[in-house]
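Kindly generate the corresponding structure for this input.
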Amino acid sequence: MKINQFPPLNSFDEAKNMATQHWSQFTQWSYETNISYEGIISHLEQIYNEMIQNRERYDNSRSSKVTRLLNEYELAKIYRHFRDFGSLRNFNSKKDIDFDTIIFIVLNELNSLSENKLEKLFPTLEEKNFLTIFLEEEQFTKNLYQNLMKHPKLGIYFLYLGDEVFFKATDFLRINLKQTLNYIPPDSLDSSGLSKMFRIITGVLIYAYYANDFEMTEQSFLKILKISYYFSVSHPLIDNILDSNKILSEKEKKIFGDFITDILNGQDVSKNIPNIQFMKELYRCCHELQKLVPFSQNQSVYNYMKITHLAQCEDSYLKMEQKINSDELFINMLLKAAFIRISAASLTEYSIDRDFVLNSLVMGLNNQLSNDLEGTLEDYKNELATPYTLYLNNAISVNPIDITMQYMLFSSSFYENSDLFIRVSLLRFVETIREFVKNYGKNQYQIFLNKVLDHSILASQRHLLNKIGEISFYGSDVHQETFLLDYFDNAAKKYISN
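All right, here's what the predicted structure looks like:
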């Protein structure tokens, strides 16, 4: 694990100073710049017209959905690179093209199926809990491996690692995921707990894959898989639990937060583990992670994790009903969203340089602002403090939809192809509108717009945003894994309830 070309941040205060400087740059830019929103509005109008074309081109059939995944893959790939790396520096590299090859094999295989076969396949996915089958039936992975090996193209990739490492990997995931789900508080899954785990697992694996000095062998693959899993457990077992008002009291949250801080400081807390099952599970995963990533040799890595954790703690202290300094709110969001990425990358051989840190700040906040819109009503019901819930509750005066657009324009100045950055960012923004409408309905979306567009820079675009909400189903999928993540979140809840 090495941190290249960037002096490691040794404390939360150092990281906060860096984030504060970045936020000050943005606020100074917003005050001194005569901001034009014509480009934003033009892109939104173009996206709306594309949605109309999609409505005419595609129906609700399964085959149309698969065709759309293929047709929109290039845009999704661009967004994925901005999201994960904050740049296009790995875009269309040899490793990237090899990765595309596997994706296209899967998508083309689906595209070759008849509508009848697709109709049978997707209800099977919806009706069967494949997570339960994977966790409870070992034969499932054996059958899966045999079927993959029979595939004329995919089998080549699995031959590279071999059956032994495949079964070691799936056995590891089965045993550990089953244990974690048995101990995790059900309420911690309410905010996409399992999909957060999967995103971190895949994130660490992707950083390892794209790292210049990482050689993928059977041994290195198993090691990085274990590292990614043990690290991933921290997100639903820390972030979601600290956010929840149902699992721990304020006093218990403080004890919990200090316990994690001690672990990340390299202290031996084995004799101080509270008699709470999920905390025992969290300690187990942290302990296993430290075996694979020794603290004494990787203090910078654990500093990045600690910065993420302390930002999570500060975030959990916010109350929806209290007046909050909006600068402090967004600076903390910058830290939390950026350093979960930096921590994940630092666990691999991926280079942590100045550009990557800056891009993690930029993309972390851009992505978080869009995600917060998607879950606003659920967050409000659960009294979670986010920019949208705080604004709706008059706890901050800064309109988050304005900040989203202004920060998007500010961020675009860091990129050579600023127009492409704005386009894919707005496609993601529209995608979160689709998820909002799907979760709460068109009527609630219109009520929400009426509240957030008053005194907004987009107040004159109310009609356009209403129209986008009406046909949001036909927006481009730049976050193409949404379907799978939703499936596994629901599957995890069913597994725990049974």
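
Under the pLDDT cut-off, which ranges of the stretch 101-250 of the chain? List them.
In the predicted model of the stretch 101-250 of the chain, residues 123, 125-126, 152-161, 236 satisfy pLDDT under 70.

for the stretch 301-450 of the chain, what spans make up the helices?
326-346, 354-374, 376-381, 387-392, 400-412, 418-440, 442-453 (DSSP state H, counting those that start in this stretch).

Could you dump the ones you listed into a markdown table and include mean pLDDT?
Formatted as a markdown table, the helices of the stretch 301-450 of the chain follow (pLDDT from 0 to 100):
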| stretch | mean pLDDT |
| --- | --- |
| helix 326-346 | 95 |
| helix 354-374 | 90 |
| helix 376-381 | 90 |
| helix 387-392 | 95 |
| helix 400-412 | 96 |
| helix 418-440 | 94 |
| helix 442-453 | 95 |
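
Helices of the stretch 1-150 of the chain, residue ranges please.
So, for the stretch 1-150 of the chain - with DSSP H, counting those that start in this stretch - the helices run 12-32, 38-57, 62-71, 73-85, 94-111, 115-127, 130-136, 138-150.

Next, the buried residues of the longest one.
Within helix 12-32, the residues that count as buried by 16 or more other CB atoms under 10 Å are 12, 15-16, 18-19, 22-23, 26. C-beta here means a position set from N, CA and C on the backbone, and glycine is covered the same way.

just stretch 79-89 next, same as before
Residues of stretch 79-89 classed as buried: 79-88 (neighbour count, 16+ other CB under 10 Å).

next one: stretch 185-203
185, 187-203.

same check, this time on stretch 247-264
247-248, 253, 256-257, 259-261, 263-264.

now stretch 326-334
326, 329-334.

Reformat those residues as a markdown table; add distance to residue 235.
Below are the buried residues of stretch 326-334 laid out as a markdown table (distance: CB to CB, whole Å):
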| residue | distance to residue 235 |
| --- | --- |
| 326 | 25 |
| 329 | 20 |
| 330 | 21 |
| 331 | 21 |
| 332 | 17 |
| 333 | 16 |
| 334 | 18 |
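
contact partners of stretch 213-224?
Contact with stretch 213-224 is made by 161-162, 164-165, 168-169, 172, 204-205, 208-209, 292, 347-350, as judged by CB atoms under 8 Å, 6 or more residues apart in numbering.

any idea how far it is from the chain center?
24 Å (CA atoms, centre = their mean, to the nearest Å).

CA atoms only for it - export them in CSV, please.
The C-alpha trace of stretch 213-224 is given here as CSV (Å, rounded to 0.1, in the frame of the first residue of the first chain):
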residue,chain,number,x,y,z
ASP,A,213,1.9,-1.7,-10.1
PHE,A,214,-0.8,-4.2,-9.3
GLU,A,215,-0.4,-7.6,-10.7
MET,A,216,-3.5,-9.8,-10.7
THR,A,217,-2.6,-13.2,-9.5
GLU,A,218,-4.7,-15.8,-7.6
GLN,A,219,-3.1,-14.8,-4.3
SER,A,220,-3.3,-11.0,-4.9
PHE,A,221,-7.0,-11.3,-6.0
LEU,A,222,-8.0,-13.2,-2.9
LYS,A,223,-6.1,-10.7,-0.7
ILE,A,224,-7.7,-7.6,-2.2
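
Show the model's pLDDT score for the nearest residue to residue 409 once chain neighbours are set aside.
Nearest residue to residue 409 in three dimensions, chain neighbours excluded: residue 35, at 6.4 Å (CB to CB, 6 or more residues apart in numbering). pLDDT for residue 35: 95.

Do I have it right that residue 35 meets residue 407?
No - between residue 35 and residue 407 there is no contact, the gap being 11.1 Å when judged by CB atoms under 8 Å.

So which of the two has more stuff around it?
Set side by side, residue 35 and residue 407 show more neighbours around residue 407, with 22 against 15, by other CB atoms under 10 Å.

Can you tell me how far the more buried one is from residue 23?
10 Å (CB to CB, to the nearest Å).

Same check on residue 102?
In terms of CB to CB, residue 102 sits 39 Å off from residue 23.

do the same with residue 433
26 Å.

Compute the number of surrounding residues for residue 179.
14.

The nearest residue to it once chain neighbours are set aside sits in which helix or strand?
With sequence-adjacent residues excluded and distances taken as CB to CB, 6+ apart, residue 179 is closest to residue 281, at 6.7 Å. According to DSSP states H and E, residue 281 maps onto helix 277-292.
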